[in-house]
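In: Have a look at this prediction, sequence included:
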Amino acid sequence: MKVLLLNGSPRKAGCTYTALCEVAKALEKDGIETEIFYAGAPDKDRVKEAAEKLREVDGLVVGSPVYWASPSGQIIEFMDKLCAMAGKDMLYKPAAAVASARRAGTTATLDVLLKYFSYHRMPIVSSNYWNMVHGNTPDEVGQDLEGLQIMRGLGHNMAWLLKCLEAGRSAGVPMPAQEEKIQTNYIR
């Protein structure tokens, strides 16, 4: 099994990357392969590359720094394009969002990112608190012991859910039946 971790920061090896590395270490400790993909540039080729990787993985983690109490503009644009290009490959894959902030805006950032997952019927993975770390530099994030514990818990919970889903498939549990989508327009 494999999890793709999207680093939505314009800083390739900054605070968000530091948090995602902690998640990846926990996943790997539990036998899950990981790849951290730099999604900081939302150009068509990068999105296409991520879409191809998404097709092959079992889970997704999207990380973003907090800018103005929201995810980075880069990851929002990236996710908009990725969902348009590969939304069908997101269906039912466990997903999690991670926010990195100097101080505040993390829950608003998580709310925005989680909406991509809810729309695509992805089971959302949590930890023992909101999936966030605090610090202005990677070294400061390294001092956020609670935040790092949350990242490890997220990784272990993701691994557990992936193994549960695999056990269910092996036992013959079918995927949920889906009705044809109804779209209601209230403007008459």
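Out: The structure has been received and is ready for your questions.
In: Would you map the strands across the protein?
Out: In the chain, the segments counted as strands under DSSP state E are 2-7, 33-38, 59-65, 95-101, 132-134.
In: Show me what counts as buried in the shortest one.
Out: Think strand 132-134. Across strand 132-134, burial judged by 16 or more other C-beta atoms under 10 Å covers 132-134. From N, CA and C alone the C-beta is placed, and that goes for glycine too.
In: try stretch 78-97
Out: 78-79, 81-83, 85-86, 89-90, 93-97.
In: Next: stretch 96-113.
Out: Within stretch 96-113, the residues that qualify as buried by neighbour count (16+ other C-beta under 10 Å) are 96-101, 105-106, 109-110, 112-113.
In: ditto for stretch 168-186
Out: So stretch 168-186, judged by 16+ other C-beta under 10 Å, has zero buried residues.
In: if I look at the residue nearest the centre of the chain, how far off is Gln143?
Out: Central residue of the chain (C-alpha atoms, centre = their mean): Val61, 2.2 Å from the mean position. Applying C-beta to C-beta, to the nearest Å, the value for Val61 to Gln143 is 22 Å.
In: which residues of this protein fall in helices?
Out: Remark: helices assigned in the chain by DSSP state H are 15-29, 44-56, 73-86, 106-119, 138-143, 145-170.
In: Next, the buried residues of the fifth one.
Out: Same thing as helix 138-143. By neighbour count on 16+ other C-beta under 10 Å, the buried set for helix 138-143 is 138, 141.
In: tell me the most buried of the helices of the chain?
Out: Comparing the helices of the chain by mean neighbour count (mean count of other C-beta atoms under 10 Å), helix 15-29 comes out on top with a mean of 23.
In: Run through who's touching that helix.
Out: Residues outside helix 15-29 that contact it (C-beta atoms under 8 Å, 6 or more residues apart in numbering) are 3, 5, 7-9, 11, 33-34, 36, 61, 63-65, 96, 98, 100, 133, 135-138, 140-142, 147-148, 151-156, 158-159.
In: OK, contacts around Pro10?
Out: 40, 72, 74.
In: Can you tell me which of these has the lowest confidence score?
Out: Lowest pLDDT among these: Gly40, with 79.
In: list the contacts for it?
Out: Gly40 makes contact with 7-12, 72, 74-75 under the criterion C-beta under 8 Å, 6+ apart.
In: Of the buried residues of stretch 78-97, which is the nearest to Gln178?
Out: Closest approach between the buried residues of stretch 78-97 and Gln178, by C-beta to C-beta: Met90, at 14.4 Å.
In: Look up how far Val98 lies from that closest one.
Out: From Met90 to Val98 the distance is 17 Å (C-beta to C-beta).
In: go on, Val141?
Out: Applying C-beta to C-beta to Val141 and Val98 gives a distance of 11 Å.
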